[in-house]
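**Q** Predicted model follows, preceded by the sequence.
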Amino acid sequence: MLYGNPHLTGVERTFDENEIIVTKTDLAGKITYGNDTFYKMAGFSEKESLGKQHNIIRHPEMPRAAFKLVWDTLAAGEEVFAYVNNRSKNGDHYWVFAHITPSFDTSGKLVGYHSSRRKPNRSLIEEKIIPLYKDLLAVEKAASSPKEGMENAVQAVLDLLDQTGMGFNELMLSLGR
């Protein structure tokens, strides 16, 4: 769902390397908390964000396969690291390095997710992440349906992981070295 101005401006927003973007969601991915840095970067107010799907900031140039891998990892009760290009309400965008963890209540029941995002290294984004995500998007778009495209792109990532002998988190963390 697009809010505000749905076009892309091509303008990249940045935030200080000492700032952290924090959000929490329920099990359905609806925002239950956002910090001031989140609201500043996303361009949404707290009132506009709370109770909305976290994908209100999904940038259309993010491969769906990346989110599928993230959600599959979280559903398994594991933390996940990922580079994400988000869209602000006005159509600007901003890159983050996300660390997303499942949140559990005192009885150990999964109740939601917590995401802390830092400013990523710009040269890493340019040299490794953007080309990888463009390749995955091309795989997704070449398929006869969105579902098939996502499945094909997920398989491309799984093949890459198999070739490198790494898990998804290891790959994401290794790209920054």
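**A** On my side now, so go ahead.
**Q** which helix in the chain runs the most residues?
**A** Determined from DSSP state H, the single longest helix within the chain is helix 146-164.
**Q** what ranges do the helices span in this protein?
**A** According to DSSP H, the helices that the chain contains are 36-42, 46-49, 64-75, 122-124, 130-142, 146-164, 168-174.
**Q** Compile those into CSV and extend it with columns for mean neighbour count and distance to Thr101.
**A** (Each C-beta comes from the backbone N, C-alpha and C, glycine too.) As requested, the helices of the chain are exported to CSV (neighbours: other C-beta atoms under 10 Å; distance: least, C-beta to C-beta, whole Å):
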stretch, mean neighbour count, distance to Thr101
helix 36-42, 19, 16
helix 46-49, 15, 20
helix 64-75, 18, 8
helix 122-124, 12, 22
helix 130-142, 16, 23
helix 146-164, 15, 21
helix 168-174, 16, 12
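**Q** mind checking which of those helices is nearest Ser88?
**A** helix 36-42 (5.7 Å; C-beta to C-beta).
**Q** any idea of the mean pLDDT in the closest one?
**A** Predicted confidence along helix 36-42 averages 97 (mean pLDDT).
**Q** which residues are contacting that helix?
**A** Helix 36-42 has contacts (C-beta atoms under 8 Å, 6 or more residues apart in numbering) with 13, 15, 19-23, 34, 45-46, 49, 56-57, 86, 88-89, 94.
**Q** what's the angle from the longest strand along the chain to helix 130-142?
**A** Ranked by residue count under DSSP state E, the longest strand found in the chain is strand 93-104. Put simply, strand 93-104 runs at 80 degrees to helix 130-142, going by axes from the mean of the first three to the mean of the last three C-alpha atoms, to 10 degrees.
**Q** Just the buried positions in strand 93-104, please.
**A** 93-100, 102 (16 or more other C-beta atoms under 10 Å).
**Q** on that earlier part again, so which elements touch the longest helix of the chain?
**A** Contacts defined by 3 or more C-beta pairs under 8 Å, 6 or more residues apart in numbering; DSSP states H and E place helix 146-164 against helix 64-75, helix 130-142, helix 168-174.
**Q** what sits opposite the residue at minimal distance from the centre of the chain in the beta ladder?
**A** Nearest to the geometric centre of the chain sits Val84, at 4.0 Å (C-alpha atoms, centre = their mean). Listed beta-bridge partners, Val84: Val96 (assigned using DSSP bridges).
**Q** who touches the helix or strand bottoming out on mean pLDDT in the chain?
**A** Least confident helix or strand of the chain, by mean pLDDT, DSSP states H and E, is helix 168-174 with a mean of 88. By C-beta under 8 Å, 6+ apart, the surrounding residues in contact with helix 168-174 are 69, 73, 79-83, 157, 160-161, 164, 166.
**Q** With that, I have no additional questions.
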